[in-house]
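Q: Let me see the structure of the following:
(2 chains)
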Amino acid sequence: MIGRVICAAALALSSALSAQADPHPDAQRVLAIGGSVTEIIYALGQQDRLIARDTTSSYPSEAQELPDVGYMRALSSEGVLSVKPDLILSEEGAGPPETIAVLKEAGVPFETIPSGTDAEGLAAKIEAVAEALGVPEAAASPVKALRADLDHLAEATGDEGQPKRVMFILSLQGGRVMASGQGTEADAIIRLAGAENAVQGVEGYKPLTDEAITSAAPEIVLMMKRGPEDSGHAAATEALMAIPAMAATPAAESGAVIRMDGLYLLGFGPRTGQAALELHDAIYGGA
Amino acid sequence: MVALDAPRERLAGDRRHLGRALAVWLLGLLAVLALLSLGHGASGVSAPRVLLDWLAGHEIAQTDRVVLFDIRLPRLLTGILVGAGLAVSGAIMQGLFRNPLADPGLLGVSAGASLGAISAIVLGGLLPPAMLAAAGWHLVPLAAFAGSWLAMVTLYGIATRQGRTSVATMLLAGIALAAMIAAVSGLIIYRADDQQLRDLTFWGLGSLAGASWVKLLAAGPVIAAALLVSPFLAWGLNGLALGEASAAHVGIRVQRVKTTAILTTAAATGASVAVSGGIGFVGIVVPHLLRLLAGPDHRWLLVNSALLGASVLLVADMISRTVIAPAELPIGIITAMIGGPFFLWVLLSNRRMLDG
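A: As a prediction, the model looks like this:
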């Protein structure tokens, strides 16, 4: 009896100490919070256990048919409990904290998946989700695919000589360019694709002055696709290049604008290796 | 003299009667809404069933207990206090400034609270870790409350000379102060990353989703104290309706009424905004509606504002947490979406009365 108590205490202690997610192999009603976590669950082939998702989980399209518990940073505690999850898997940064505290109080296991923007971090992310779902072996195949893509990418980069200067533009509101500096997902994917962020010395997404655009001198402009492919993109490109400061950049001369899906490009999930490879090929003109 | 007095006495009596009857009705309405609010929610946990189970001596499931006692109950009480606090603050401000458009925003309270919240959301990470750990997720509400008081005290200091507060100075200085505060807020917002920007947007739309016992215990007594003090302002505000000089002549201590009114409003609004973010419109619509229904006598206006304000917020909150369940719509959107057209309708159908 005493031995069992000590054993239980030791178990509790060890699970409290380990940073890894606890395995929940019996969980059959999983709520995914964060687009990349949802993608990983699909990549692991565990989508049958998924019963709800948050607003940022838009890929794959089947996921959009699941109930939506709201934006990941504005979750409602009763709304989350109403889908009766027996496991919540979340990206970092879910909130508000009051809601998370209530969910823990309600006894629903809540596992936070660490974020990662490099090869190791991404593999760890996939493994953490697989671990939490109690199917660690399922991670092998998506991790292998991810590593293969990234290895392929590593081979491809390096022989281009000077890395190309890429500017990621988040939005063009009223002719004002909102571009990505350092410390963003956009910056990470540009570097992963073997290019260089043209905007240096700025943190986060910031509106750039005309002079900063000219001195950044991007060779390529990277943007997100908005809605279905249509003539709107051509018009947007025209509007972009019509900004006087933009017209003076090498990107305007060559008309090099790359557009990719936002979640695919910036989601940092299982498709990131593929996305980085695609971006690399788009930047350097294919292999 | 006697002949003139008689009908006036009867008229005042009529209005008072109306106010009292309305208070009884509103109290009933609030009770019904409170029960409905406790019984309904996204999760479909039924309050009566759980209560019966509990009375029958059954164990309550952990989820049911959390939904009822840790989610719905603190949220219900927070909603009642915040709704009452905002509506009473609006009524007091309109009485003090003798302006139907006045609201606590004129005291710089809202601008100050949002500066506090913005600072906490964006710059909170710069605090020493020990302080951050101690404040936890209460940092934003605490900062909002501190911001609202700082703005109010500054404004009061500017507008008060030789023990006399000039309401006109307060109104104009309030606009200047709000502009300065908005500039500082803008400067901080510029530093924010996109996650913080999202948080700021949601904070500005208001929500009772973060209601918890801890928050309720912190903010509840402040709002409740303000609500309890407010009826004592009724006589003074009625007197102020005649103008400051006349009010002083009928024996009202004008300065004391002003100070109490300002402190009460700042306490109620500051604490309300701190727990729920920006919820607009309740403070203007509710007192107006009651003035149209039962006249401008503050003796019943303040009490009825509290009751109707609480009811309005409970209805808005019920809509907010069920209309797009399992997700939740920020409550500020609902109060404005329903309150705006309704208010317009009331105004237009009473146009003759207002013009006359």
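
Q: Give me the nearest residue to residue 282, chain neighbours excluded.
A: Unless you meant another one, I'm taking chain A. Closest residue to residue A:282 in three dimensions, ignoring its sequence neighbours and counting by Cβ to Cβ, 6 or more residues apart in numbering or on different chains: residue A:258, at 4.7 Å. Using the backbone N, CA and C atoms, a C-beta is placed for each residue, glycine as well.

Q: look at chain B instead
A: Among residues not flanking residue B:282 along the chain, residue B:86 sits closest, at 4.4 Å (Cβ to Cβ, 6+ apart).

Q: low-scoring pLDDT stretches of chain A, where are they?
A: Scanning chain A for pLDDT under 70 picks out A:1-20, A:159-160, A:227-232, A:286-287.

Q: try 50
A: A:1-3, A:5-19, A:287 (pLDDT under 50).

Q: Up against chain B, what does it have?
A: By Cβ under 8 Å from any Cβ of the partner chain, the part of chain A that sits against chain B consists of A:52, A:55, A:67-71, A:73-84, A:93, A:95-99, A:101-102, A:105-107, A:183, A:203-205.

Q: mind listing what the closest residue to residue A:196 other than its chain neighbours touches?
A: Nearest residue to residue A:196 in three dimensions, chain neighbours excluded: residue A:163, at 4.4 Å (Cβ to Cβ, 6+ apart). Going by Cβ atoms under 8 Å, 6 or more residues apart in numbering or on different chains, residue A:163 touches A:194-196.

Q: And residue B:164, by the same measure?
A: residue B:255.

Q: For residue B:74, see how far away it is.
A: Separation of residue B:164 from residue B:74 (Cβ to Cβ, to the nearest Å): 42 Å.

Q: I'd like to check which residues are in contact with the residue in the stretch 1-150 of chain A that chain B sits nearest to.
A: Closest to chain B within the stretch 1-150 of chain A is residue A:70: 3.1 Å, counting by Cβ to the nearest Cβ. Residues near residue A:70 by Cβ under 8 Å, 6+ apart: A:54-55, A:76, A:79, B:324, B:326-328.

Q: What about the residues of chain A next to chain B, which are in helices?
A: Members of the residues of chain A next to chain B lying in helices (criterion: DSSP state H): A:77-82, A:97-99, A:101-102, A:105.

Q: hmm, stretch B:117-135 in reach of chain A?
A: No. Shown here: stretch B:117-135 not in contact with chain A (Cβ under 8 Å from any Cβ), separated by at least 10.9 Å.

Q: which of the residues in that stretch are buried?
A: B:117-122, B:135 (16 or more other Cβ atoms under 10 Å in any protein chain shown).

Q: Same check on stretch A:252-259?
A: Judged by neighbour count using 16+ other Cβ under 10 Å, the buried positions of stretch A:252-259 are A:252, A:256-259.

Q: still on that earlier bit, give the next helix or strand downstream of the helix or strand harbouring the residue nearest to residue A:282.
A: Secondary structure from DSSP states H and E places residue A:258 in strand A:257-260. Of the helices and strands lying after strand A:257-260 in sequence (DSSP H and E), the nearest is helix A:262-266.

Q: contacting residues around that following helix?
A: For helix A:262-266, using Cβ under 8 Å, 6+ apart, the contacting residues are A:35, A:39, A:56, A:58-59, A:185-186, A:189, A:222, A:224-225, A:269, A:271, A:275, A:279.

Q: and if we set it to 7 Å?
A: Helix A:262-266 is touched from outside by A:35, A:58-59, A:185-186, A:189, A:224, A:271, A:275, with contacts defined as Cβ atoms under 7 Å, 6 or more residues apart in numbering or on different chains.

Q: before we move on, the earlier item: just flag the most distant two among the ones in helices among the residues of chain A next to chain B.
A: Pairwise distances across those (Cβ to Cβ) peak at 20.1 Å, for the pair A:82 and A:97.

Q: who's more crowded, those two?
A: Ranked by neighbour count (other Cβ atoms under 10 Å in any protein chain shown), residue A:82 and residue A:97 place residue A:82 first, with 22 against 15.

Q: Identify the residues contacting the more buried one.
A: Residues in contact with residue A:82 (Cβ under 7 Å, 6+ apart) are B:42-44, B:325-326.

Q: and with 8 Å instead?
A: By Cβ under 8 Å, 6+ apart, the residues touching residue A:82 are B:41-44, B:325-326.

Q: near chain A, from those?
A: The subset of the contacts of residue A:82 lying close to chain A, counting by Cβ under 8 Å from any Cβ, consists of B:41-44, B:325-326.

Q: sorry, back to before: any idea which element the residue nearest to residue B:282 lies in?
A: helix B:73-97.

Q: helices or strands next to that helix in the packing?
A: Helices and strands touching helix B:73-97, by 3 or more Cβ pairs under 8 Å, 6 or more residues apart in numbering or on different chains; DSSP states H and E, are helix B:2-39, helix B:167-191, helix B:213-229, helix B:234-240, helix B:254-276, helix B:282-294, helix B:298-322.

Q: So what touches whichever helix or strand comes after the first one?
A: Following the chain from helix B:2-39 toward its C-terminal end, the next helix or strand by DSSP H and E is helix B:47-55. Residues from elsewhere that reach helix B:47-55, judged by Cβ under 8 Å, 6+ apart: B:35, B:38-39, B:60, B:64-65, B:68, B:72.

Q: In PyMOL, how would I select the buried members of those residues?
A: Applied in PyMOL, the following selects the buried portion of those according to 16+ other Cβ under 10 Å:
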select buried, chain B and resi 38+39+64+65+68+72
